[in-house]
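K.L.:
Structural data only, the sequence is not supplied:
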Ligand SMILES: Cc1cc2nc3c(=O)[nH]c(=O)nc-3n(C[C@H](O)[C@H](O)[C@H](O)COP(=O)(O)O)c2cc1C
């Protein structure tokens with residue numbers, strides 16, 4: 001059973017990202033780092049409660065992905081309970097509650113970061129989940145809706161309601177992804193909580209990881225891992241006093257891109273796998289000479305053989 005208190009520090013985590021952190025991507029990340037904790041994409045608690053096969057499928061994972069944490073979102077405690085029980089039944093080491101998503105569609109239906117406005121309901125959800133499953137319950141949130149004035153009291157409520165870990169993305173919901181993530185309020189929260197606290201936002205290198213860690217128990221990395229899936233290995237190597245061999249040129253990245261594509265095909269079949277691979281391929285070539293022309297080709301790829309050809313016969 002995962003115990004967040006005892007998990008080796010600093011905790012490294014792959015951030016949940018809808019449309020990105022699927023099983024194929026998580027397996028790729030795992031191949032570079034044995035310690036990183038892998039978060040799922042967020043999955044609707046209501047859909048899980050109503051037995052949606054598609055939502056259940058979104059939480060399927062390979063054994064080697066462990067430790068694997070599943071994230072759920074919703075607004076109804078009874079759905080969260082059923083969803084958390086499902087998460088526990090499939091063997092995830094933790095269940096994470098999404099109180100941070102700022103997307104209009106999610107917030108307008110009172111899900112995600114809308115719960116930051118409703119601490120009473122948020123508390124009810126956390127305690128209902130924590131009582132219903134043995135695996136640890138955690139929460140991921142933003143600094144607040146439009147400022148961080150309610151952050152400390154919300155964080156204390158999260159702890160008092162039974163969550164065993166709190167991750168904070170250093171932006172408000174209003175900010176969406178604008179501006180820079182602010183870690184100062186996260187460091188302040190760490191000082192007043194007993195449960196472990198992870199920081200999140202804009203960590204895009206090993207240097208930045210160590211610069212931002214501060215008093216926190218660990219950090220969660222999202223977007224940077226999509227362009228640089230080696231980032232967790234860089235951090236682990238730095239911790240072990242070793243240097244990393246992160247590929248710097250496109251030629252050196254090709255074997256990883258193709259391995260990623262094969263994992264996509266393994267998990268989703270060639271048609272859907274290659275369709276979903278397009279956005280990853282476009283990300284991998286960011287900053288490369290001729291990236292614009294290359295991207296235009298990559299976003300049309302339908303077959304693995306085409307991807308191979310575009311990457312290798314340039
Ligand atoms: C495409 C995309 C999808 C995301 N999906 C989720 C999600 O499902 N659940 C969640 O809690 N956060 C989600 N996030 C937010 C990230 O987990 C993370 O908090 C944010 O990207 C900041 O971290 P970063 O700068 O390391 O990317 C998503 C972010 C992006 C860019």
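P.N.:
Thanks, I have it. All values reported here derive from a predicted model rather than from experimental measurement. Residues are numbered from 1 along each chain as shown.
K.L.:
On the strand side of things, show who the residue in the stretch 51-200 of the chain positioned nearest to the ligand bridges to.
P.N.:
Nearest residue of the stretch 51-200 of the chain to the ligand: residue 169, at 3.9 Å (CB to the nearest ligand atom). Heads up, the C-betas are built off the backbone N, CA and C, glycines and all. Per DSSP bridges, the residues bridged to residue 169 are residue 142, residue 200.
K.L.:
How many neighbouring residues does residue 240 have?
P.N.:
Residue 240 is flanked by 8 other residues according to other CB atoms under 10 Å.
K.L.:
What distance do you get for it to residue 10?
P.N.:
Using CB to CB, to the nearest Å, residue 240 is found at 13 Å from residue 10.
K.L.:
Which strands and helices lie in contact with the helix or strand where residue 280 lies?
P.N.:
Per DSSP states H and E, residue 280 falls inside helix 250-284. Using 3 or more CB pairs under 8 Å, 6 or more residues apart in numbering; DSSP states H and E as the contact test, the elements touching helix 250-284 are helix 23-32, helix 223-227, helix 291-298, helix 304-312.
K.L.:
Contact partners for the residue of the stretch 51-200 of the chain closest to the ligand?
P.N.:
Contact analysis of residue 169 by CB atoms under 8 Å, 6 or more residues apart in numbering lists 100, 140-143, 181, 200-201.
K.L.:
how far away is the residue in the chain that the ligand sits nearest to from residue 28?
P.N.:
Of the residues in the chain, the one nearest the ligand is residue 222, at a distance of 2.8 Å by CB to the nearest ligand atom. In this view, residue 222 and residue 28 are 15 Å apart by CB to CB.
K.L.:
Residue 278 now?
P.N.:
Residue 278 sits 16 Å away from residue 28, going by CB to CB.
K.L.:
So residue 15 sits against residue 222, correct?
P.N.:
Yes: counting by CB atoms under 8 Å, residue 15 does reach residue 222; the two are 3.2 Å apart.
K.L.:
Pull out the buried positions in the one helix or strand in the chain whose mean pLDDT sits lowest.
P.N.:
Lowest by mean pLDDT, DSSP states H and E among the helices and strands of the chain is helix 104-108, with a mean of 87. Across helix 104-108, burial judged by 16 or more other CB atoms under 10 Å covers 106-107.
K.L.:
quick check, the strand or helix carrying residue 12 touching the ligand?
P.N.:
Using DSSP H and E, residue 12 sits within strand 11-14. No: using CB under 6 Å from any ligand atom, strand 11-14 stays clear of the ligand, coming no nearer than 9.0 Å.
K.L.:
Please enumerate the helices of the stretch 51-200 of the chain.
P.N.:
Secondary structure of the stretch 51-200 of the chain, counting by DSSP state H, counting those that start in this stretch: helices at 53-58, 77-89, 104-108, 119-132, 151-160, 184-192.
K.L.:
For the stretch 1-150 of the chain, what lies in contact range of the ligand?
P.N.:
15-20, 41-42, 71, 98, 100-101, 140.
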